[in-house]
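S.K.: Have a look at this fold, sequence not included:
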């Protein structure tokens with residue numbers, strides 16, 4: 001899912017909610033009262049938070065051992 005944009009995910013969730021809302025309306029049940037734009041913004045925000053945390057955590061070495069491990073990894077990659 002790395003190649004999927006946050007906009008695509010948000011639009012897909014909105015589509016699913018719209019379909020659920022339509023089924024509820026057909027069945028005479030209460031419908032979901034959510035504005036599309038609000039939902040899009042919330043989903044986009046959540047996706048941004050999660051991707052920011054993942055990108056930050058991915059390879060930020062804070063300890064001396066982690067920095068040494070990064071250097072060793074670079075040497076191993078260089079040697080093949």
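M.R.: Arrived safely. What you see is a predicted model, and the numbers here were worked out from it, not measured in a lab. Numbers count the residues shown, from 1 in each chain.

S.K.: The lowest-mean-pLDDT helix or strand in the chain - contacts with which helices or strands?
M.R.: One helix or strand of the chain scores below all others by mean pLDDT, DSSP states H and E: helix 36-58, with a mean of 75. Contact partners of helix 36-58 among helices and strands, from 3 or more Cβ pairs under 8 Å, 6 or more residues apart in numbering; DSSP states H and E: helix 6-26. The C-beta positions use only the backbone N, C-alpha and C, and glycine is treated the same way.

S.K.: How far away from the center of its chain is the helix it packs on?
M.R.: 17 Å (Cα atoms, centre = their mean, to the nearest Å).

S.K.: next one: stretch 50-60
M.R.: Relative to where its chain is centred, stretch 50-60 has its mean C-alpha point 11 Å off (Cα atoms, centre = their mean).

S.K.: outside of it, which residues touch it?
M.R.: With contacts defined as Cβ atoms under 8 Å, 6 or more residues apart in numbering, stretch 50-60 is touched by 6, 70.

S.K.: still on that earlier bit, do me a favour and average the pLDDT over the helix or strand that comes right after the least confident helix or strand of the chain.
M.R.: Using DSSP states H and E, the next helix or strand after helix 36-58 towards the C-terminus is helix 64-79. In this model, helix 64-79 carries a mean pLDDT of 89.

S.K.: The residue minimising distance to the centre of the chain - nearest residue in space that isn't next to it in sequence?
M.R.: For the chain, residue 47 is the residue whose C-alpha lies nearest the centre (Cα atoms, centre = their mean; 3.4 Å). Closest residue to residue 47 apart from its sequence neighbours, by Cβ to Cβ, 6 or more residues apart in numbering: residue 6 at 3.9 Å.
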